[in-house]
Structure formats: C-alpha cells, structure tokens
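K.L.:
got a sequence here, can you build the structure:
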Amino acid sequence: MECTLHTHLPVSLLGWYRHKLLIGLLTTGSIIGQGSYAPPTLAQSVPSTDYCQIPLAEANAKNVLRVAAQTGDRNSQTKYSEIVKKHSTYIEQCRQKSWLKTQAIWIRLYPCDTRPGDLEEIFDRMVNKGYNQVYVATFYGKALLPRSTNRTSWNSVLNTRSTDKTDLLADSIQRGRERGLKVYAWMYSLNFGPEYGLTPEGQSTVALNGRGETTLFAGEEGFQKSPDGNTGSVLFVDPYSSKARSDYEQIVREVVARKPDGVLFDYIRFPRGQGAQSIASQVKDLWIYGDESRQALTALAQNQKGTDLIDRFLNKGTITINDLKELDKLYPNELPLWQGRTPLENEFSMSYEDKFPWIEWDLWQLTLAHASQGVVSYLQRAATPVEQQRIKSGAVFFPEANQPVGRRGYDSRLQAWDRFTTNEWHPMAYATCNRSDCIVEQIRRVLNFAPATTNVVPALAGSWGKPGEGRPSLEDQMSGIHRSLPQINSISHFAFSWQEPEMDYYRSSCQLK
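P.N.:
Predicted structure coming up:
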C-alpha cells in the first residue's frame, strides 16, 4: 500500500446524515538410543529480540518431548505437559510486566493440521515467539466446521471421510488455551466466496453496481483475473440482502457455540476497484443496485417526488434540470424529500439553475450514506449473537478506507469504520514508507475516532528481525508505535504463514490419506 499521509481527518461518510518446512518432518526426532532423541532445529522459529520469547534451548526441548509423546511414551507425555504449562506461565507473567500486554498472530489452518501432534506444534511455535493470542481463520468462503454437522451454506474446510467429524476450530480453542493463548475466530463478512454465488438463491444476494457488474467479474485490486475474466477469489454480497444476512448469522451462531475468546469480522466493506475505479465518484460506482438495496434506498423517500427522483438518479446515473421540470409538472405541490434532507430556503421559488446542483449533491450524499450504512448495520447485526454471549467482537478494517478523495469522490470501499460499534478495532496498519512513521500515523488517525471504551489493536505486516516490502522489522514497527502512541498495549502480526513460509507450504499442500 502507498504511504500517503493525510493531514486532515475527514468526518465519517455518514456524519452528514442527520438521523444519523518445506521444513523437515519432525520424525527427525527419531530414537537414537534408549531415551535419547535428536532435536529438530527451531533456530529460525524464535526471534532474537526480547518480546517474551522462549529461550531456544527450551523451545527445542519442548519440541523433542512433543514428538516423543506422540509415540505413546508416558514419561515424555508428562514432561511435555509440564513444559507446556511452564511456558504458558512464563508468557503470562512476562506480558504482565511488558508494555505490550497482548501480542497476537493470524493463521489459516489446513486439513493436514488434524494429524496427531501437528496442531500442538503450531501453537507451541506461537508461544515460543511470545504470542498470547491467536486469530484462527474460521470462515473465508469455506467453514472451519465439521462436515458431518455443517448446516451452513458453505462447504467445510475439512472435506475427507477421515476428518468428517473433526472439529478443528474447537480443537484449536482447546489446544490454544492449554498453552495460555486466547483464541479468536477470524471471519470474512461481506466476501462470501465465489462458490456461494453458484446457486440461484446465492445469486440473488450478490452485490451489483450500476453497470450490472458483480464483484466476481468486476474484480478487486490485488486479485488477478483468470482468462475468462473471473477473479475466482472474491464475491461480495449486498449487505441489505435478507438471505445473505440470515445465512451469515447462521455461521456466526455455529462459531459462537464453540465459545472462542473473540470473533473478528473482516471484509466489512465493499471492494476496492482497480485504477480509477478505486474511487467512487458517481452513483453507478456504488454496489447498491441489488434488489433489496434499491428497495431500502427508495424507502427513504418521504414523498412521491423524492421516490421518482431517486429512481431516476439510480437508473440514469445522474439527473438533469429537465428531470426537475418534469417532476414539477407531475407533483407541483411537493418538494423532493427523503430521510435526512432539509429543503433549501425558498426552494419553490428558486430557479432550476440555482437549485439543481444542491439537489443533485443531496442525492449523491444520500446514496453514499445508504451504501455505508448497509455495511455498518450488517456488522451490528452480525456481532449481536457474539456480544450476547459476552464474547469479544472485533472489526478489521483499513484505516484509509473511509476517506473522501477530491471534491466528490470517496474510497470505493466505503468502509465507515468510525461508526463500527464492536468491542475492538483492528486497523490493518500496512503502510509502506520503509519507516514506522507512516504506520504510526495510520494508527493515530484511528485513535482520534475511537470511543474510550474501544480497544484498538493494530495489525502489523512484516517479519521478525528484518525489513521487507517497504516496512521495517516487526520489532522496529512496535518500538515506533510504543514511542509515539504509548496508549497502545495490544498488537497483532500478519501472519503465521509469513513467519513460517516453508512450514505453511508443507501444511497447505500436503494431502491426507
């Protein structure tokens, strides 16, 4: 992402609205002699900086015991449990003394992680690096739920007979807590994945823009299209769709039933277009042309002239002075009214040339607010069953995705995160300027909007001990944040796969028998 710093702090889009691996397999720990094991190398798995990491010798010893415990060696099983508990206590005590109370990491799990000992190894590696919280990908177009009992609208991540009843999410929560890790379920929200749109029912929920495009074919910045024009990666639904909301609530309830420590909602936005389409500057750029979205927008009209003017604006992508004249003939005693609009003083007697730009501007602001409000309301409804169970809810967002661009343009994602009401905000502070400055500024902007009761947990991208992709090392990023924003005491790192690329390649590409 660009490191463009904005000195202004624009109000919310809704503010105007008055109602407002490949590592070596751990069989290298095979028996050499009686009770003797060759420890696998974990040197690259533990950072060299002092962020509550486990000493390398102990990390290696723990791994050896884990491998031995899988063979049924009861003595090793006992010792492994003891060292797991010891490390859990150490991390807890270390974090209590550190300015950084929470250090979290994001991860996607794969079918091969169901093999005995593999989940333990993954979470052990997290603890070794000082993490005390983990965000497990639970829904991303597939559901991390047992296939045998999956009643949601999505296929299960685990799709083999050998894992038919395996509950990898519940297992992750258990294994994490055994190691002192709080385990959050990380879920896509409005991006339902392309498989969802294959049925007629699913197609009826898909978000549409004014050119009749869906996000499956219009694409999103960062996703490459296949030769047939299909991105194959994203499919956004209309946040006003009752079916989409109902289907999503069902999967949220299934996740909440596993009692994670929190639920993080990601993709709570519209797509970011490519090039000029990254800016929404006219109504046809907005993803509000689905049937239910249009109905909800039209329902905001407060008289027939308002209804007809909204319809013309949507259908034509603009209005003209002739539209105003025609509607005056049809409804001579009405001013165009919709929720949130206050007519101009003396609007009845004003010339068409004088009142036209104001009415057109009000229509544009109405449609922008309608699009943004759909996202905000969708999140509020999705988070309700989470918060009812007193489980933490969190919103994941781009700090720059709710800004105006130029005189009438807006970032096409229309992510009005300053209106999100979840317990936690997780801004993806991914700015690239080869220093921590621009990352700090992104977080500072979020803090300026955050309610006092909202916990801000910045998500950082990068690697331990080395810079890359225009960002300093994770240590330098965290030091910069602590220096400039001492009120921040929780941070997450994206992602486990970046820190363990060889292991991730092996885990994601292996096949269960």
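
K.L.:
residue contacts, the most centrally placed residue in the chain?
P.N.:
For the chain, the residue whose C-alpha lies nearest the mean C-alpha position (Cα atoms, centre = their mean) is Asp266; its distance is 1.9 Å. Contact partners of Asp266, counting by Cβ atoms under 8 Å, 6 or more residues apart in numbering, are 186-189, 396. To be clear about C-beta, it is placed using only N, CA and C from the backbone, and glycine gets the same treatment.

K.L.:
show me the strands in this structure, by range?
P.N.:
Secondary structure of the chain, counting by DSSP state E: strands at 31-33, 36-37, 102-107, 133-139, 182-188, 262-266, 279-280, 392-397, 404-405, 409-411, 424-427, 455-456, 459-461, 490-494.

K.L.:
can I get these in JSON lines including mean pLDDT and distance to Lys316?
P.N.:
Below are these laid out as JSON lines (pLDDT from 0 to 100; distance: least, Cβ to Cβ, whole Å):
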{"stretch": "strand 31-33", "mean pLDDT": "24", "distance to Lys316": "77"}
{"stretch": "strand 36-37", "mean pLDDT": "30", "distance to Lys316": "74"}
{"stretch": "strand 102-107", "mean pLDDT": "98", "distance to Lys316": "44"}
{"stretch": "strand 133-139", "mean pLDDT": "98", "distance to Lys316": "38"}
{"stretch": "strand 182-188", "mean pLDDT": "98", "distance to Lys316": "34"}
{"stretch": "strand 262-266", "mean pLDDT": "98", "distance to Lys316": "35"}
{"stretch": "strand 279-280", "mean pLDDT": "96", "distance to Lys316": "17"}
{"stretch": "strand 392-397", "mean pLDDT": "98", "distance to Lys316": "33"}
{"stretch": "strand 404-405", "mean pLDDT": "94", "distance to Lys316": "23"}
{"stretch": "strand 409-411", "mean pLDDT": "96", "distance to Lys316": "19"}
{"stretch": "strand 424-427", "mean pLDDT": "98", "distance to Lys316": "38"}
{"stretch": "strand 455-456", "mean pLDDT": "98", "distance to Lys316": "42"}
{"stretch": "strand 459-461", "mean pLDDT": "98", "distance to Lys316": "41"}
{"stretch": "strand 490-494", "mean pLDDT": "98", "distance to Lys316": "43"}
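
K.L.:
show me the contact partners of stretch 120-131.
P.N.:
Where contact means Cβ under 8 Å, 6+ apart, the residues beyond stretch 120-131 that reach it are 26, 42, 45-47, 51-54, 59, 62-63, 66, 84, 87-88, 91, 94, 103-105, 107, 109, 113, 134, 172, 175-176, 179-181, 464, 493, 496, 499-500.

K.L.:
and Val386, how far from Ser76?
P.N.:
Using Cβ to Cβ, to the nearest Å, we find Val386 at a distance of 39 Å from Ser76.

K.L.:
settle it for me: which of these two has more neighbours?
P.N.:
Val386 (25 against 19; other Cβ atoms under 10 Å).

K.L.:
ok, the more buried one touching Ser393?
P.N.:
Yes - with the criterion set as Cβ atoms under 8 Å, Val386 and Ser393 qualify as a contacting pair; they are 4.6 Å apart.

K.L.:
what touches both of those two?
P.N.:
Contact criterion Cβ under 8 Å, 6+ apart; residues bridging Val386 and Ser393 by contacting each: 262-263.

K.L.:
where does the stretch 1-150 of the chain have low pLDDT?
P.N.:
The stretch 1-150 of the chain contains residues with pLDDT under 70 at 1-50.

K.L.:
which ones are touching the residue lying closest to Gln277 once chain neighbours are set aside?
P.N.:
Once flanking residues are discounted, Gln277 sits nearest to Ser412: 6.5 Å by Cβ to Cβ, 6 or more residues apart in numbering. Taking Cβ under 8 Å, 6+ apart, we find Ser412 in contact with 270-273, 277-280, 285.

K.L.:
now do 10 Å
P.N.:
Taking Cβ atoms under 10 Å, 6 or more residues apart in numbering as the definition of contact, the neighbours of Ser412 are 209, 220-221, 269-274, 276-281, 285-287, 371, 401, 405.

K.L.:
check Ser508 too.
P.N.:
Listed by Cβ under 10 Å, 6+ apart, the contact set of Ser508 reads 108-113, 497.
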